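>>> how does the following fold in three dimensions:
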Amino acid sequence: MNPVSIPAMNTAPRSFKHRRGRITAGQQAALSTLWPRYGLDVCADPLDLPAVFGRVAPVIVEIGFGMGESTLEMAAADPVRDVIAVDVHTPGAGALLRELDATGRRNVRVVVGDGLDVLRDMLVPDCLDEIRLFFPDPWPKARHHKRRLFCPAFAVLAASRLRPGGRLHCATDWAPYAERMLQIIQREPQLTNEHAGFAPRPVSRPISRFEQQGLSKGHRIFDLLAERRAETTLR
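Numbering: from 1, shown residues only. Sure, this is the predicted structure:
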């Protein structure tokens, strides 16, 4: 396979807003006591994935897990694959750590940080079975579109980290953002859209808080499923 160039991604301004939600005593305790077991620190060195999870298994990266309910439900339904769940929201990370410990779930690791840093610095090419991006901030104002996480450079980076045949699964309730995602996927040589346009909602994706908020506002939910092509060419 020919190498594929990855454009540099400008991380300033960031694609996310730091949410300053109050952290509960239980969430803080989970971060303090459970991090060595379930947490991964952001670093510049590629992860040894079999060592991280204690086994050789397909790995999923989920960027933006909120409070972690959907992450936990999907991991429980799919125990043969491992999940790296990434978010910048500390209370959500604490909540997910507590539930991982309470349920004994062992196939999830938590990262508090920027998903771009994780994909670019902590993962090598062709190592992931799936990347999930569910309900990222749509940054609806035109002057803020440059902050959107899903852009052509992100599609290149994500595709490079997927194994051939691996899947990129995106979901949003913001129609203009969905159309832009579709356009980017259709133009990215490393990716093949699995459907003619948007995908039917996969039954494997639970309804999250963000999705429910969108539904309550009368928004349509858009899913996109793209596959990493087996062969790519140098651009």
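>>> using CSV, list the CA coordinates for the host helix or strand of Ala93.
For Ala93, the element it lies in under DSSP states H and E is helix 90-103. As requested, the backbone C-alpha atoms of helix 90-103 are provided in CSV (Å, rounded to 0.1, in the frame of the first residue of the first chain):
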residue,chain,number,x,y,z
THR,A,90,-14.0,15.4,33.6
PRO,A,91,-17.3,14.8,35.4
GLY,A,92,-18.3,12.4,32.5
ALA,A,93,-15.0,10.6,32.8
GLY,A,94,-15.6,10.2,36.6
ALA,A,95,-19.1,8.8,36.0
LEU,A,96,-17.9,6.3,33.4
LEU,A,97,-15.1,5.1,35.6
ARG,A,98,-17.6,4.5,38.4
GLU,A,99,-19.8,2.4,36.2
LEU,A,100,-16.9,0.4,34.7
ASP,A,101,-15.9,-0.5,38.2
ALA,A,102,-19.5,-1.2,39.3
THR,A,103,-20.2,-3.5,36.4
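>>> list the buried residues of the helix or strand that that helix is followed by.
Toward the C-terminus, helix 90-103 is succeeded by strand 108-112 as the next helix or strand (DSSP H and E). Across strand 108-112, burial judged by 16 or more other C-beta atoms under 10 Å covers Val108, Arg109, Val110, Val111, Val112. C-beta here means a position set from N, CA and C on the backbone, and glycine is covered the same way.
>>> isn't the second one up against Leu49?
In other words, Arg109. No: when contacts are counted by C-beta atoms under 8 Å, Arg109 is not listed as touching Leu49 (9.6 Å).
>>> can you give me the strands for this protein?
Applying DSSP state E to the chain gives strands spanning 59-63, 82-87, 108-112, 128-134, 162-172, 191-193, 222-228.
>>> any idea how far the residue lying farthest from the centre of the chain lies from Arg209?
Taking C-alpha atoms, centre = their mean, the residue of the chain most remote from its mean C-alpha position is Ala25, at 27.1 Å. Separation of Ala25 from Arg209 (C-beta to C-beta, to the nearest Å): 22 Å.
>>> again, but for Asp223
17 Å.
>>> ok, now Leu47?
In terms of C-beta to C-beta, Leu47 sits 29 Å off from Arg209.
>>> okay, those two: which has more neighbours?
Leu47 (20 against 12; other C-beta atoms under 10 Å).
>>> ignoring the adjacent residues along the chain, who's closest to that one?
The spatially closest residue to Leu47, leaving aside those adjacent along the chain, is Met122, at 5.2 Å (C-beta to C-beta, 6 or more residues apart in numbering).
>>> was I right to think that neighbour contacts Asp45?
Yes: using C-beta under 8 Å, Met122 makes contact with Asp45 at a distance of 7.3 Å.
>>> neighbour count: the two, which is higher?
Met122 (23 against 7).
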